[in-house]
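Trainee: The sequence and its predicted three-dimensional model are supplied below.
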Amino acid sequence: MSEAAVARPPAAYPLARPGAALACARRLAARFTETAAQFDASGEVPVANFAALHGEGLSGLTAAPAYGGAGAGLAEAAEVIRALAAGEPSSALILFMQYLNLATLPHGRWDPALVREVLTNSVRTGGLINSLRVEAELGSPTRGGLPATVARRTAAGWAISGRKIYSTGSSVLGWMIVWARTDEPEVRVGRFAVPASSQGIAIEPTWNALGMRASGSHDVVFDEVAIPAHYAADVRRPEEWVGKEPMQAVWHGVLLGAVYDGIALSARDWVAGFLRERVPSGLGAPLASLPRVQEQVGRIEQLLQVNETLTQGLARDADEGRLPTPERAALAKLTVTENAIAVVDIALRLSANHGIARANPLERHHRDVLCGRIHTPQEDAALIAAGTSALASAPAAAAPLPISLETSK
């Protein structure tokens, strides 16, 4: 997104007072809802949505005031993402990655001067930040292996060459954090900060998926893209990349879950309206009057309540300095996304043919919410990590009592 394409937020951050960001998000979500089906059908990234988000100051919400942002915590960011996802989830998915990077990059191993450059530029221009990690042969790097994307040493710095797939938000990014290996005799691997406007970057429109169709998760090809030496943001020996940074893990898990919880909220609202208004001639009363229907809507409310309580509980812990473990964050993402899928499934069963009709939004919500299972961490990884941690930390069991083979007299 070019600097000229978006409005600049006011010098005084407009959303610093309590509740202002959420109120703004709800207002914008209502507007985004009006065009959500259009972007789902076309597969185009809703650039106008990001111009609106930036113009209202929401695109820089989680950046610290030192970088021009509001310094919002995880609990507030989750509520904003949830509200926006209820309107147009692909926009919320892209913005979640922005919020994650704005909040966590200052706490990592990057040089503070590079953090300041990237974050202040992003907040000022509205160009978003996302990590480009996945490759066709490698898959997700969380499963191990070296990337095929190479950072080659040059006299002036580095030249990046390779292809990344599933690059969410590709056309509205200002900064791409590229996962690559070096061409050094002793290979290192890590993150390279690449301005999206750099020469040698091409976006190939390959994203044509079942859901989240407006996320612009296309292939990005790098052909000898030149960057300065200090843009090698965090490069280490492969064996040094062990585990996930706790702060990044909890922000990732909570905000990603909030995206899919927002979709479930929209599904709940649509089906509730449908059930109140639908009066079959054989019944002579709204479907909402049936105890069976009321029970199933109650089930929806149960799942949504669990999601809200879990999300806000972990977010408050993180904001108050009690950082949850990566294993807890992964379980939260898994629980919230599975509950969101269950909510939409119940709504579909309650609405029957109406729910799968293209004329109604529930069909789109169903396709979108299923994408929650695709994101890292997937179910097996989250459960194995949690199980391994629990087994390692559990106290030793008491020795069993000897069993006598004699019967008592």
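Mentor: Received it, and whenever you're ready, just let me know what you need.

Trainee: Phe192 contacts Ala151, correct?
Mentor: Yes - under the criterion of Cβ atoms under 8 Å, Phe192 makes contact with Ala151 at 5.6 Å. (Each C-beta comes from the backbone N, C-alpha and C, glycine too.)

Trainee: Nearest to the spatial middle of this structure, which residue is it?
Mentor: Nearest to the mean C-alpha position of the chain, counting by Cα atoms, centre = their mean, stands Leu256 at 3.6 Å.

Trainee: quick revisit: Phe192 and Ala151: who's more crowded?
Mentor: Counted by other Cβ atoms under 10 Å, Phe192 and Ala151 do not tie: Ala151 has more neighbours, with 30 against 24.

Trainee: Tell me what the more buried one is bridged to.
Mentor: In this entry, Ala151 is beta-bridged to Ile160, Thr182, by DSSP bridges.

Trainee: Contacts only, for it.
Mentor: Counting by Cβ atoms under 8 Å, 6 or more residues apart in numbering, Ala151 touches Trp158, Ala159, Ile160, Ala180, Arg181, Thr182, Asp183, Phe192, Ala232, Val235.

Trainee: And it, what's its pLDDT?
Mentor: Turning to Ala151, the model gives it a pLDDT of 98.

Trainee: Over to the one 10 residues further on?
Mentor: Turning to Ser161, the model gives it a pLDDT of 98.

Trainee: I'd guessed it sits against Ala226; true?
Mentor: No - contact criterion Cβ under 8 Å: Ser161 and Ala226 do not qualify, at 10.7 Å.

Trainee: what mean pLDDT does the longest helix along the chain have?
Mentor: Counting residues, the longest helix found in the chain (DSSP state H) is helix 246-277. Across helix 246-277, the average pLDDT comes to 97.

Trainee: Pull out the buried residues from the helix or strand just after that helix.
Mentor: Sequence order places helix 291-319 as the next helix or strand after helix 246-277, per DSSP states H and E. For helix 291-319, burial by neighbour count (16 or more other Cβ atoms under 10 Å) applies to 293, 296-297, 300, 303-304, 307-308, 310-312, 314-315, 317-318.

Trainee: Looking at the contacts of Ala151, which is nearest Ile129?
Mentor: The closest of the contacts of Ala151 to Ile129 turns out to be Phe192 (Cβ to Cβ; 13.1 Å).

Trainee: Tell me which helix or strand the residue lying closest to that closest one once chain neighbours are set aside sits in.
Mentor: Excluding the flanking residues, the one nearest Phe192 by Cβ to Cβ, 6 or more residues apart in numbering is Val178, at 4.8 Å. If you go by DSSP H and E, Val178 is part of strand 173-182.
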